[in-house]
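A.B. asks: pasting the sequence and the predicted coordinates here, then a few questions.
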Number of protein chains: 4
Amino acid sequence: MTIQVGIVGATGYTALEVARLLLSHPEATLVAATSRADAGKPLSAVHPSLSGRCDVVIETLDADEIAKKCDVVMCCLPHGASAETCKQLVEAGTRVVDFSADFRLSNRELYEKWYGVTHPWPERIGKTPYGLPEFYADEIRSSDLVANPGCYPTSVILPLQPLLHSDMIEATDIIVDSKSGVSGAGRSPKLGTLYCEVNDSIAAYGVGSHRHQPEMVDILHRAAGTLPSILFTPHLTPMDRGILSTIYVKPKTDAGGGKVHAKQLIETWQKRYRDCPFLVPTDALPATKHVAGTNYVHMTARDAADRIVIVCAIDNLTKGASGAAIQNMNVMFGVNEGLGL
Amino acid sequence: MTIQVGIVGATGYTALEVARLLLSHPEATLVAATSRADAGKPLSAVHPSLSGRCDVVIETLDADEIAKKCDVVMCCLPHGASAETCKQLVEAGTRVVDFSADFRLSNRELYEKWYGVTHPWPERIGKTPYGLPEFYADEIRSSDLVANPGCYPTSVILPLQPLLHSDMIEATDIIVDSKSGVSGAGRSPKLGTLYCEVNDSIAAYGVGSHRHQPEMVDILHRAAGTLPSILFTPHLTPMDRGILSTIYVKPKTDAGGGKVHAKQLIETWQKRYRDCPFLVPTDALPATKHVAGTNYVHMTARDAADRIVIVCAIDNLTKGASGAAIQNMNVMFGVNEGLGL
Amino acid sequence: MTIQVGIVGATGYTALEVARLLLSHPEATLVAATSRADAGKPLSAVHPSLSGRCDVVIETLDADEIAKKCDVVMCCLPHGASAETCKQLVEAGTRVVDFSADFRLSNRELYEKWYGVTHPWPERIGKTPYGLPEFYADEIRSSDLVANPGCYPTSVILPLQPLLHSDMIEATDIIVDSKSGVSGAGRSPKLGTLYCEVNDSIAAYGVGSHRHQPEMVDILHRAAGTLPSILFTPHLTPMDRGILSTIYVKPKTDAGGGKVHAKQLIETWQKRYRDCPFLVPTDALPATKHVAGTNYVHMTARDAADRIVIVCAIDNLTKGASGAAIQNMNVMFGVNEGLGL
Amino acid sequence: MTIQVGIVGATGYTALEVARLLLSHPEATLVAATSRADAGKPLSAVHPSLSGRCDVVIETLDADEIAKKCDVVMCCLPHGASAETCKQLVEAGTRVVDFSADFRLSNRELYEKWYGVTHPWPERIGKTPYGLPEFYADEIRSSDLVANPGCYPTSVILPLQPLLHSDMIEATDIIVDSKSGVSGAGRSPKLGTLYCEVNDSIAAYGVGSHRHQPEMVDILHRAAGTLPSILFTPHLTPMDRGILSTIYVKPKTDAGGGKVHAKQLIETWQKRYRDCPFLVPTDALPATKHVAGTNYVHMTARDAADRIVIVCAIDNLTKGASGAAIQNMNVMFGVNEGLGL
């Protein structure tokens, strides 16, 4: 059996990354791609790196047609629009991995507060598994809809969950300083992502107002059983891909009465993630280049003053988006979680 | 009168930046440059961007010869070696701006603890003005030796000093997450600064152990009258120049009994730095590109959760090194502080 | 006297570069800036690197108003629109440096063939000095309108003119392979200049069809007295600024009956450009970084097989646009040609 | 059967690229790696992107030990040293893909002239297949030693061979202007490849003297049956990976008496390379980004003046080095040529 995969919203960077990963996936193949603006063109005309490697022609979205062809659809539409399309696709009988934020949060109120739209399919919010197989593999396996995680949250939830869960760090005053590559801002032409605006420069943005902050808090609450307080500041960094999150936490007191040390955090990760194919606790300080183009997560911790500094690196397009989606697909279809990644 | 300037240790990036700035300085001119390795070569052979613009030939350092030719020397040697050379130069009768850390700290113990060497001229440590004319113009004006500030400390001390001094923020648990361009690592060939190692990648380094941390604390203590606790994490960022420091502080309660707000911090800077030509408090979030190649300092503040996030951008080679040195020279020689910058 | 300068079309990169250069010009000052889209905003809101350094507020273009305030206007509009505005400005009594191609070519037919528009002021085409003071200083000095040169043509005409003029190289089969930074493509948001499209990548464009090819040929014909045949291929290179043109020419036979050598080309440049402040023939191979942010032109030549390889580097925004405009302004107003550059 | 692979000289970028590609190769696995300087360390300590993915520990080279463990060795040593090691490895009974230039050229005289060393194993020069399976698959299949091609030559030989062979273009006055990413310069720390020297800058190097020029000429002579005259100029481009070669050729007259057109060149490639998995003639202009990290070759042609401009893009580390080596290995061991690529 080969898993037949479709992409809805095929012109962006996450769609290209899905296509790239499927090219070397031994048990899945891309069979359809849709885009309103580019219907009729070969997918390789929109993404020239697929030239000579991919014959798919972009079509206009028809949920029934797509559902007929595809075992699973990667839905790469913007929030709001995505939920509506996911509903049509699921009702037409295919399974969906949704790249938008529409089904990530625990409840409709939180979603509508942060996203400012009425949710098109409220029955499913809070009832859709969050696509981190490291925590939710069972739910993902049996679901017809998976909420693929946000890129920044992935780089924060993975290191923090085991530490909050085992009560090694304070849940208060967690400071997350993240640096992302420019692909995270999408492929629509905008002044702020022109080469000459961002090359050779770094800047903070969305200070205190980025929508990934409530996602981190909500999912950690759900996955670790405690409601953390997180101050999140993203930065636009002159690189194509990658997220580096530097996380400042306060250690709790351990059983022996002393402060928890960085070394203990690393050991906790090693134990917790022993069976997770992509999570790599390290002694060395991670760099985004070391995980570029891969689904791997490098994380370390260092004692510094009264705090512990955690550093976590992922590729925002791979483990932060399309690689995670393939990993979720693998789980949904019962093949090896790491296949093709 | 034209100020006659020499550079000792002329092969690195800060030396080139001094030379570049002097080319358009109306009242100072580069007359000598020394380097052990490159003596005999034109300075423009080592720095091709000076071709056709600069006739200086590199010579071997002879303190008496240099002192005869130069009103002031920019000493760009590594710590330890620098202090020894500064002593010779000052004793030979010239004035010196020292780019190393040798005379920045308040006492010998702190220096020897962090730098691991015996100080070659301990009489002058703690008695040499720290080269921020924003605070120490009077001392700089009359000194034969000025300790040019570190790049990271400049980006942290300038925003924090007025806030600590006026008791608007807590001195405890200040978190500084800084991002620097690669020129900060110098021009000696090393694996870690090769193009293919750092391009398209960001990484933390020196977590909890960077020598600029005690410098920040010590100078803020001296300049603001309170001893702050700072956790400092530098990051190597894929850009030639620039430092962006994101600083997480806790607001105190103001006279009205409410929490101090970001807006008040900006107003404090505007008042404090009204007469400082290069300090620009802004509402917009700074980017390092906006100050690249200039001596300007952009800084803003935003409320976020229980903290205030301060963002400060400088060019590490200009205000963080050679521009500050020219500014100090201007003050030392009684010309307009901003001349040629 | 201070030259009062206005910028028409103030939102792009060349406008910013004009403003940057004027900030340190001792005898000129920016007094007005216009832009349809951004009228009412401070210029520093559109170009944050001007924050704290420039008080000009953007206005809507009114030719009479601008002419009243300005001794000279830098017109940074697109072709077609530019000629029309230049006409209004000149008729309103101010002098103009036109950044567009509207007045560069020798005749209307050539212009209308390549630009596909009817020329709005045909009386002036062929009668406007081409803004290379290296060749046309006298005409520039007395003109109310100067055609600022194209960036690629500058990097090709300057090295080739003396060689064609002195009959040292063949006029046929000249191959020009140019590499430009991304700022040459302007500041309007387009897919092709997004960071993630061009970072870490190089590509040819406009092969055999770029409008700067007829400009090179036409101006060399005019300035060197011979009609060269040039094959021109531009490349988009992952850098903010800079043009490197690699030019493949065939040497002629010299007086002694041997082939002309690269060394002789360098000597010819040294002689021809002795009094030109920015032209630097070198033995070393130029890099765009060596001229970045400056008005300098580095050029060298090397023998290779039956040809000579010429390499010329400029900054496309400075000598290739705004620096040349300031240089032209200096000539127009009788101050030192290199002032402020 | 899984092919057991060793890497000799494991610390550079080509070695890392071999390791990266083997991680997803379904029928080959990395079993050994050697390096004098780093023996005893895990390979992932030298290449952190292998952390958590590769258990190989670096050892000192012992040809017999390596031959025992490995079916094939990727020899990534510098020229001269490489030939000597290849001899030992082949004599110890393993097969070798040599990344150096030691066995590429047709005869010893040419090699010793350009490389300035006495060849350590002259019996094999001129008798070792050149590792382009597109031309030499049969010889590669049965050989114990394969000369992996140079990066620049790959980007030039592949487009030119079919055109010279079918007599569509002149063999004289071919001009090759190539642009390479910085990884082509290796991983040894050198001033010229520091980030701050090459970032945001482009420069020519090795004009008229690069060793890949005789390789192009020699192999095209061998593979196309005609001795071309090539003027080759490489450029260092600010990107990690990629080569773009812009090739200026003169079309011959075709059977109908007219000049050959670009379209005919593209058709010739399509026919010639129909069965070659990685060669992609395109209508669009290639960019190095479109082939980054892949073994693909994009090539197109455009009419321009009296010439045709050919543009060819490869990844210098993949098709230009390690990908070609894996492709050669696949041929040597009788598995599908494109496996794992």
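C.D. replies: Cool, got the structure. Residues are numbered from 1 along each chain as shown, chains lettered A, B, ... in the order given.
A.B. asks: and the gap between A:Asp71 and C:Leu191?
C.D. replies: 32 Å (C-beta to C-beta, to the nearest Å). To be clear about C-beta, it is placed using only N, CA and C from the backbone, and glycine gets the same treatment.
A.B. asks: among these two, which residue is more densely surrounded?
C.D. replies: A:Asp71 (18 against 12; other C-beta atoms under 10 Å in any protein chain shown).
A.B. asks: that one reaches A:Phe333, doesn't it?
C.D. replies: Yes. With contact defined as C-beta atoms under 8 Å, A:Asp71 reaches A:Phe333; the gap is 7.0 Å.
A.B. asks: give me the low-pLDDT residue ranges for the stretch 51-200 of chain A?
C.D. replies: For the stretch 51-200 of chain A, no stretch is flagged by pLDDT under 70.
A.B. asks: quick check: the residue of it nearest chain D.
C.D. replies: A:Gly52 (3.4 Å; C-beta to the nearest C-beta).
A.B. asks: quick one: that residue and D:Val280 touch, right?
C.D. replies: Yes. Using C-beta under 8 Å, A:Gly52 is in contact with D:Val280, at 3.4 Å.
A.B. asks: need the residues touching each of these two.
C.D. replies: Overlap of the contact sets of A:Gly52 and D:Val280 (by C-beta atoms under 8 Å, 6 or more residues apart in numbering or on different chains) consists of D:296, D:298.
A.B. asks: comparing those two, which shows the higher neighbour count?
C.D. replies: D:Val280 (23 against 18).
A.B. asks: that one in helix, strand or coil?
C.D. replies: strand (DSSP: H, G, I helix; E, B strand; the rest coil).
A.B. asks: with the one 4 residues further on instead?
C.D. replies: Remark: D:Ala284 carries the secondary structure label coil [criterion: three-state DSSP].
A.B. asks: tally of neighbours for A:Gly6?
C.D. replies: 27.
A.B. asks: host element of A:Ala313?
C.D. replies: strand A:307-314 (DSSP states H and E).
A.B. asks: now the element after that strand, going C-ward?
C.D. replies: helix A:323-332.
A.B. asks: ok, residues contacting that following helix?
C.D. replies: A:3, A:5, A:17-18, A:21-22, A:25, A:28, A:72, A:74, A:95, A:97, A:99, A:131-133, A:137, A:140-141, A:143, A:146, A:148-149, A:154, A:278, A:294-295, A:315, A:317-318, A:336-341.
A.B. asks: kindly report the same for stretch A:85-92.
C.D. replies: Against stretch A:85-92 from outside (C-beta under 8 Å, 6+ apart): A:8, A:61, A:63-64, A:66-67, A:73, A:75, A:77, A:96, A:98, A:102-103, A:120-121, A:124, A:144-145.
A.B. asks: keep only those of the residues you listed that are in strands.
C.D. replies: A:8, A:73, A:75, A:96, A:98, A:145 (DSSP state E).
A.B. asks: so how far is chain C from the residue nearest to A:Ile310 when sequence neighbours are not counted?
C.D. replies: Closest residue to A:Ile310 apart from its sequence neighbours, by C-beta to C-beta, 6 or more residues apart in numbering or on different chains: A:Ile247 at 4.1 Å. In this view, A:Ile247 and chain C are 26 Å apart by C-beta to the nearest C-beta, to the nearest Å.
A.B. asks: tell me if A:Ile247 really is in a strand.
C.D. replies: Yes. Applying three-state DSSP, one finds A:Ile247 inside a strand.
A.B. asks: okay, the angle between the longest helix seen in chain A and helix A:323-332?
C.D. replies: In chain A, assigned by DSSP state H, the helix with the most residues is helix A:151-165. Put simply, helix A:151-165 runs at 60 degrees to helix A:323-332, going by axes from the mean of the first three to the mean of the last three C-alpha atoms, to 10 degrees.
A.B. asks: any bit of helix A:151-165 sitting next to chain C?
C.D. replies: No. Against chain C, helix A:151-165 shows no contacts by C-beta under 8 Å from any C-beta of the partner chain, the least distance being 14.2 Å.
A.B. asks: now the angle from that helix to strand A:307-314?
C.D. replies: Using the same axes, to 10 degrees: helix A:151-165 against strand A:307-314 is 140 degrees.
A.B. asks: got the CA positions of helix A:151-165 in PDB?
C.D. replies: The C-alpha coordinates for helix A:151-165 follow below in PDB (Å, rounded to 0.1, in the frame of the first residue of the first chain):
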ATOM      1  CA  CYS A 151       6.500  26.100  14.800                       C
ATOM      2  CA  TYR A 152       7.400  28.200  17.900                       C
ATOM      3  CA  PRO A 153       5.300  26.100  20.200                       C
ATOM      4  CA  THR A 154       7.000  22.900  19.100                       C
ATOM      5  CA  SER A 155      10.400  24.400  20.100                       C
ATOM      6  CA  VAL A 156       9.000  25.300  23.500                       C
ATOM      7  CA  ILE A 157       6.600  22.600  24.400                       C
ATOM      8  CA  LEU A 158       8.900  19.700  23.700                       C
ATOM      9  CA  PRO A 159      11.600  20.800  26.200                       C
ATOM     10  CA  LEU A 160       9.300  22.200  28.800                       C
ATOM     11  CA  GLN A 161       6.600  19.500  29.100                       C
ATOM     12  CA  PRO A 162       8.700  16.800  30.900                       C
ATOM     13  CA  LEU A 163      10.100  19.400  33.200                       C
ATOM     14  CA  LEU A 164       6.800  20.900  34.300                       C
ATOM     15  CA  HIS A 165       5.200  17.400  34.400                       C
END
